[in-house]
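S.K.: Fold the following, please.
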Amino acid sequence: MRVAPKIVAAALLGSAIAGLLVAGLASGAGRQAAASVTLQVAPRGPGTVSVSPVGTGDDSNPCDENQGQNSCTWTYDRGKSVKLTAAVASGGKSFSGWSTPECPGTGSCTVTLDQDVTTIVATFNPLTLGIRLSRDEEGRVTSDPAGIDCRSEDDAKCEAVFPPHTQVKLTATPTSPNTFRTFSPGCEKTGANTCTITVDDQKTWAGVAWNNESLPQLATTIDVQFRLTKGGNGSGRVTASKLDCGPTCTAQYGFGKSVTLTAAPDQGSTFDGWNGVCSKTQTNCTFAVGPITSLKVLFARDATPPSTPAGLKVTGATRTSVSIAWTASTDNVGVTGYRVYLNDTTAGNPTQTTFALADLVCGHGYAVAVDAVDAVGNRSPKATITAQTKPCPLAARLAGAAVKRTGGARVVTAQLRVNRVTTAKLTLASGGRIVASGRFSVKPGTNALRLTVPRQVPRGPCMLEITLVDPDGGAARAFTRGILLPPPR
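M.R.: Residues are numbered from 1 along each chain as shown. Below you'll find the model as predicted:
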């Protein structure tokens, strides 16, 4: 395998510079954490960045260390506000944007330096994608969009420029009898001999290995400090490799390192987005550090009540209890329980979707309601229903019985008091023989039941019997009363 000497030298030199920079940032931050902080400025592509005021450290301002292992660092008092201004090179170049959501757009960027190390990357257009091969003339690498058509490391078409953040598909085609082995990490494999790489750095490098050869050594890039901040009126935790925010909300990564943040809202809060970097519906956010060095995660206090319990119904009733059930409510975070109301008074707080109301009065109707609650006390509208206990046992009393004349007829009248709807049968017997009878519907309250006595029945003592049907299916109730019939007219 042949590796171009100039590439190896550049890579080794880059590693040394990057190591010195990281060591300088770490030692400077540790030594002066109480009062001083470090600002790292990294232009990527054809442009420069000037800072105002200028801190101590690098003499150059504006910063033109705009590729590879190069960046500029200054030291400031903690809490200092610094204004950064980007300037593009001539010839159709342009400024793409800053790496922090604190500075949207392409205007000047003002940051407050309240961390030990703050990294700001300025991305310019275009950026270069470079290809390195494990050996020349063993195959061909092409790109989509077009620009790369690489057969040898000395081939001019092993490099091409693209707008920042362009996803480029690379295809490796070996020449017979060679074989394609692999792409370098950072180029996501999409097929047997294809991968996709995002052009974010200056330069962005991809390596290709043929046959059983090792991947070529790629030039190193800078390390950057990534910072996560939290906003909104809620709370939560975000974790990633080397980061737990919670307690630690900053971490250092290599430029272009893919990082996945995972958000977990606390109880009573909801996840509310990634400041536009990832979808608001995604609690996992994956992106490349470098083009993004700062991100804000938002948590909101849960203010959405659960849905109203649906399908509230009575599932059973006795003379002293009523059982109810309903369909579970839904909530944007989670339902923690329910409250049952009896005539607007709290009767219980179940966590299931059934409940039994006890110690009730027979034959009564009750206003029953149910609502749902979440972890922070948001309550749904109430579902309501009228529930009825079973009727009380049949109670009856014969309040009086008498014979009255109506015109020329004799009428036996019985005053019967009952508490339920039922049927009564009146029977009048004389000398052991039934002489008159009738069946009557009775309602709760006092019922006047009238039985006309035939003219042929002689005067004298009679026996009146009243038999009531028990609506619950029990034994019939009977009352008897002696009646003295007057003579017929």
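S.K.: can you list the weak-confidence ranges in the chain?
M.R.: 1-34 (pLDDT under 70).
S.K.: can you give me the strands in the stretch 1-150 of the chain?
M.R.: 36-44, 47-52, 56-57, 72-77, 80-88, 94-98, 109-113, 117-125, 127-133, 139-144, 149-150 (DSSP state E, counting those that start in this stretch).
S.K.: Reformat those strands as a markdown table; add mean neighbour count and distance to residue 411.
M.R.: (Each C-beta comes from the backbone N, C-alpha and C, glycine too.) Supplementary listing: these in a markdown table, determined by neighbours: other C-beta atoms under 10 Å; distance: least, C-beta to C-beta, whole Å:
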| stretch | mean neighbour count | distance to residue 411 |
| --- | --- | --- |
| strand 36-44 | 24 | 111 |
| strand 47-52 | 20 | 115 |
| strand 56-57 | 13 | 121 |
| strand 72-77 | 19 | 113 |
| strand 80-88 | 17 | 108 |
| strand 94-98 | 21 | 105 |
| strand 109-113 | 18 | 104 |
| strand 117-125 | 24 | 108 |
| strand 127-133 | 24 | 113 |
| strand 139-144 | 19 | 109 |
| strand 149-150 | 20 | 120 |
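S.K.: Ok, which of the ones you listed comes nearest residue 237?
M.R.: Closest approach to residue 237 among these (C-beta to C-beta): strand 117-125, 22.7 Å.
S.K.: Could you list every helix and strand in contact with the closest one?
M.R.: With contacts taken as 3 or more C-beta pairs under 8 Å, 6 or more residues apart in numbering; DSSP states H and E, strand 117-125 sits against strand 36-44, strand 47-52, strand 80-88, strand 94-98, strand 109-113, strand 223-231.
S.K.: Only the C-alpha atoms, please, for the second one, written as PDB.
M.R.: Only the C-alpha atoms of strand 47-52 are listed here, as PDB (Å, rounded to 0.1, in the frame of the first residue of the first chain):
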ATOM      1  CA  GLY A  47     -13.800  33.300   4.900                       C
ATOM      2  CA  THR A  48     -12.600  35.000   8.100                       C
ATOM      3  CA  VAL A  49     -14.000  36.000  11.500                       C
ATOM      4  CA  SER A  50     -13.100  39.100  13.400                       C
ATOM      5  CA  VAL A  51     -13.800  39.500  17.200                       C
ATOM      6  CA  SER A  52     -14.500  42.600  19.200                       C
END
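S.K.: Return the distance of stretch 272-282 from the chain's centre.
M.R.: 12 Å (C-alpha atoms, centre = their mean, to the nearest Å).
S.K.: any residues touching that stretch, and which ones?
M.R.: 101, 232, 234, 261, 263, 284-287, 292, 295-300 (C-beta atoms under 8 Å, 6 or more residues apart in numbering).
S.K.: what's the helix or strand for residue 426?
M.R.: Assigned by DSSP states H and E, residue 426 falls within strand 422-430.
S.K.: Now render the helices and strands packed on strand 117-125 as CSV, adding distance to residue 136.
M.R.: Converted to CSV, the helices and strands packed on strand 117-125 look like this (distance: least, C-beta to C-beta, whole Å):
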stretch, distance to residue 136
strand 36-44, 29
strand 47-52, 33
strand 80-88, 35
strand 94-98, 34
strand 109-113, 43
strand 223-231, 31
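S.K.: so which of those comes closest to residue 479?
M.R.: strand 223-231 (81.7 Å).
S.K.: Show me what that closest one pairs with in its sheet, parallel or antiparallel.
M.R.: strand 250-254 (antiparallel), strand 294-301 (parallel) (DSSP bridges).
S.K.: Against residue 74, how distant is the spatially closest residue to residue 87 that is not a sequence neighbour?
M.R.: Closest residue to residue 87 apart from its sequence neighbours, by C-beta to C-beta, 6 or more residues apart in numbering: residue 48 at 5.2 Å. In this view, residue 48 and residue 74 are 15 Å apart by C-beta to C-beta, to the nearest Å.
S.K.: Pick the most deeply packed of the strands paired with strand 223-231.
M.R.: Of those, the one with the most neighbours on average (mean count of other C-beta atoms under 10 Å) is strand 294-301, at a mean of 21.
S.K.: Just give me how far that strand sits from the chain centre.
M.R.: When C-alpha coordinates are averaged (C-alpha atoms, centre = their mean), strand 294-301 and its chain have centres 14 Å apart.
S.K.: and the angle for that strand with strand 94-98?
M.R.: Interaxial angle of strand 294-301 relative to strand 94-98 (axes from the mean of the first three to the mean of the last three C-alpha atoms, to 10 degrees): 40 degrees.
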